[in-house]
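Q: Sequence plus predicted model, see below.
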Amino acid sequence: MNQLVIKRLVGQDLAETGSDIAPLILDEYAKLADAYYQLADLEQARATYTEALRIAQKIDAPAEKRTQIMHRMADIDMQRLDWRQAIRVYEQIRTLRYYWWTEAQFPGGIPVVITRTG
């Protein structure tokens with residue numbers, strides 16, 4: 001898809017475009033970021049991945065999709081030797097995966113067992 005078309009679609013309020021097209025916009029944005037990455041334009045790729053993550057959070061995309069985008073962002077940060085930013089992203093991934101796992105395993109929350117000793 002053309003970069004200008006993607007940016008215009010994303011520029012619209014995602015609520016206006018409908019819930020069925022929002023994941024398509026996210027996928028196209030991720031593809032655009034991948035293209036920048038393959039062209040070795042890391043600055044533009046990082047900015048596009050950041051925008052894709054913002055969209056993913058706005059439409060409440062699955063945790064797997066968000067972690068995939070964040071792994072790519074952290075990879076770029078490591079290539080740019082921006083270790084602190086890479087660590088921040090990896091910490092976000094860890095937190096997101098933890099909450100995703102606990103919600104999948106315990107939909108009502110983590111059960112707490114209190115035992116009395118002594």
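A: Received the coordinates, thanks. Numbering: from 1, shown residues only.
Q: Arg72 and Ala33: what is the separation?
A: According to CB to CB, to the nearest Å, Arg72 stands 7 Å off from Ala33. (C-beta placed from N, C-alpha, C; glycine too.)
Q: same deal with Leu26?
A: Distance from Leu26 to Ala33, by CB to CB: 11 Å.
Q: Need the residues touching each of those two.
A: Ala52 (CB atoms under 8 Å, 6 or more residues apart in numbering).
Q: sorry, back to before: quick one, which of Arg72 and Ala33 is more surrounded?
A: Ala33 (25 against 21; other CB atoms under 10 Å).
Q: Which secondary structure element is home to the more buried one?
A: helix 22-38 (DSSP states H and E).
Q: Which neighbouring elements make contact with the very next helix or strand once past that helix?
A: Per DSSP H and E, the first helix or strand lying C-terminal to helix 22-38 is helix 42-58. Helix 42-58 is packed against helix 22-38, helix 63-79, with contacts defined by 3 or more CB pairs under 8 Å, 6 or more residues apart in numbering; DSSP states H and E.
Q: Let me see the residues that make contact with the last one.
A: To tie it back to what came earlier, the one meant is helix 63-79. Here helix 63-79 has contacts from 26, 30, 33-34, 37, 42, 45-46, 49-50, 52-53, 56-57, 83, 85-86, 89-90, 92-93, 96-97, 99-100, using CB under 8 Å, 6+ apart.
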